[in-house]
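Undergrad: Have a look; sequence and predicted model below, questions after that.
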Amino acid sequence: MTLATFISSRRFKVDLWRATPGPFKVGAVILVAHGLFAVLGFFWTPYGYAEMGAGLPLSGISWQHPMGLDQIGRDVFSRFMHGAHIVLLLSFAGTMLGMVTGTTLGLLSGYVGGWFDEITQRIVEAMISIPFLALALVMIIAAGPALAGAPVLIVFVVGLVYAPRITRIARAAAMEIATREYVAVAELRGEGTWSIVFREILPNAANVLLVEFSLRLSYAPILIGALGFLGFGIRPPTPEWGLMISENRNLLIASPVTVFGPGLGLASLVIGFNLFTDGLSRMLGQRPVAGA
């Protein structure tokens, strides 16, 4: 049996599935479910997410309204469905921006060293000393009212909040890899700094950075939800889940499902990302640095 035939065989697929860590499988299933739900909510919802008068306000759960209606008669389930892709897109785009920025700065800092490393690390340390949410709020306030609530601002803020942490991880990986023989050989060949960083160091730091990306991605929905809850996230009536919790928090007694729906959505998404990250780190032999 050839290698290609074995890989395509049913036995190989079953063995690969059994060898995959349990948290990875559970997390992957949860994330796939969220992804399918987000795609469905993007193309179809029972009612318009901003449609008022879909029924009697605060009328509770029914077949027509599985999550009830809010105080102005909007269908909560429709808003919940439409908000799924917003949370995923903002989280992914913001984390990707932070990953690109942090990886570039960290790898260059770790390999080049000298004054560039000193300046970069002092800035990184100053930003890390500020809590996530406080730093995000400062950036949003500094952006001014013209950009307040814009999706591009939320992506930019998430990226800059995470970039310093990612920079530290990338720098540590680069400093360790830079001492290896193949880097010295590349230097003897006369390769430039950018070539060595992205052709020699980056591929060998990929496992560490992949786990770090997955870890930061699991935190992003919490940060975006917190900004929405505080009124610094996406502008209403766009149904971002944190904003939905904020809008309906006064209805916790009268209609708790209007709060529990988006709350459970955020919780399950974060749990899915965390389980996926844990399983991925086991598969790649890396340990995620949660407190970095």
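TA: Looks like it arrived, so ask away. Every value quoted in this text rests on a predicted model; they were computed, and no experiment measured them.
Undergrad: helix or strand right after whichever helix in the chain runs longest?
TA: The longest helix of the chain (DSSP state H) is helix 76-112. Under the assignment DSSP states H and E, the closest C-terminal helix or strand after helix 76-112 is helix 114-128.
Undergrad: ok, residues contacting the very next helix or strand once past that next one?
TA: Towards the C-terminus, the helix or strand next in line after helix 114-128, according to DSSP H and E, is helix 132-143. Contacts of helix 132-143 with the rest of the structure, by C-beta atoms under 8 Å, 6 or more residues apart in numbering, involve 127, 130, 148, 153, 156-158, 160-161, 219, 223, 226-227, 230, 232. Every residue, glycine included, has its C-beta placed from N, CA and C.
Undergrad: I'd like the average pLDDT over helix 132-143.
TA: Averaged over helix 132-143, pLDDT sits at 92.
Undergrad: Show me how far that helix is from its chain's centre.
TA: 18 Å (C-alpha atoms, centre = their mean, to the nearest Å).
Undergrad: Tell me what angle it forms with helix 114-128.
TA: An angle of 100 degrees separates the directions of helix 132-143 and helix 114-128 when computed by axes from the mean of the first three to the mean of the last three C-alpha atoms, to 10 degrees.
Undergrad: Can you point out the buried residues in helix 132-143?
TA: Using 16 or more other C-beta atoms under 10 Å as the test for burial, helix 132-143 gives Phe132, Leu135, Ala136, Leu137, Met139, Ile140.
Undergrad: ok, these vs Gly53, which is closest?
TA: Each of the buried residues of helix 132-143 was checked against Gly53 using C-beta to C-beta; the closest is Ile140, at 32.7 Å.
Undergrad: separation between the closest one and Tyr182?
TA: From Ile140 over to Tyr182 the distance is 44 Å, taken as C-beta to C-beta, to the nearest Å.
Undergrad: Same question for Leu89.
TA: 38 Å.
Undergrad: Same check on Gly149?
TA: The value you get for Gly149 to Tyr182, if C-beta to C-beta is used, is 48 Å.
Undergrad: Where does pLDDT dip in the stretch 151-292 of the chain?
TA: For the stretch 151-292 of the chain, the stretches with pLDDT under 70 are 285-292.
Undergrad: ok, and what's touching the helix or strand containing Ala33?
TA: Using DSSP H and E, Ala33 sits within helix 22-43. The contact list for helix 22-43 (C-beta under 8 Å, 6+ apart) reads 17, 80-85, 87-88, 268-269, 271-280, 282-283.
Undergrad: Give me the buried entries from the residues you listed.
TA: Neighbour-count burial (16+ other C-beta under 10 Å) is assigned, among the contacts of helix 22-43, to 80-85, 87-88, 269, 272-280, 282.
Undergrad: helix, strand or coil for Pro237?
TA: At Pro237, secondary structure determined by DSSP: H, G, I helix; E, B strand; the rest coil is coil.
Undergrad: which ones are touching it?
TA: Contact criterion C-beta under 8 Å, 6+ apart gives Tyr49, Ala50, Arg74 as the residues in contact with Pro237.
Undergrad: Make sure I have this right: Thr179 is in a helix.
TA: No - under the criterion used here (three-state DSSP), Thr179 is coil, not part of a helix.
Undergrad: Just give me the neighbour total for it.
TA: Other residues lying near Thr179 total 8 when counted by other C-beta atoms under 10 Å.
Undergrad: ok, now Pro131?
TA: Taking other C-beta under 10 Å as the definition, Pro131 ends up with a neighbour count of 10.
Undergrad: how about the residue nearest to the spatial centre of the chain, secondary structure?
TA: By C-alpha atoms, centre = their mean, the chain has its centre lying nearest to Leu217, at 2.5 Å. Taken by three-state DSSP, the conformation at Leu217 corresponds to helix.
Undergrad: Distance check, it against Phe116.
TA: Leu217 is 28 Å from Phe116, where distance means C-beta to C-beta.
Undergrad: now do Leu215
TA: Using C-beta to C-beta, we find Leu215 at a distance of 26 Å from Phe116.
Undergrad: With neighbour numbers in mind, choose between those two.
TA: Residue environment comparison for Leu215 versus Phe116 gives the larger neighbour count to Leu215, 25 against 13, counting by other C-beta under 10 Å.
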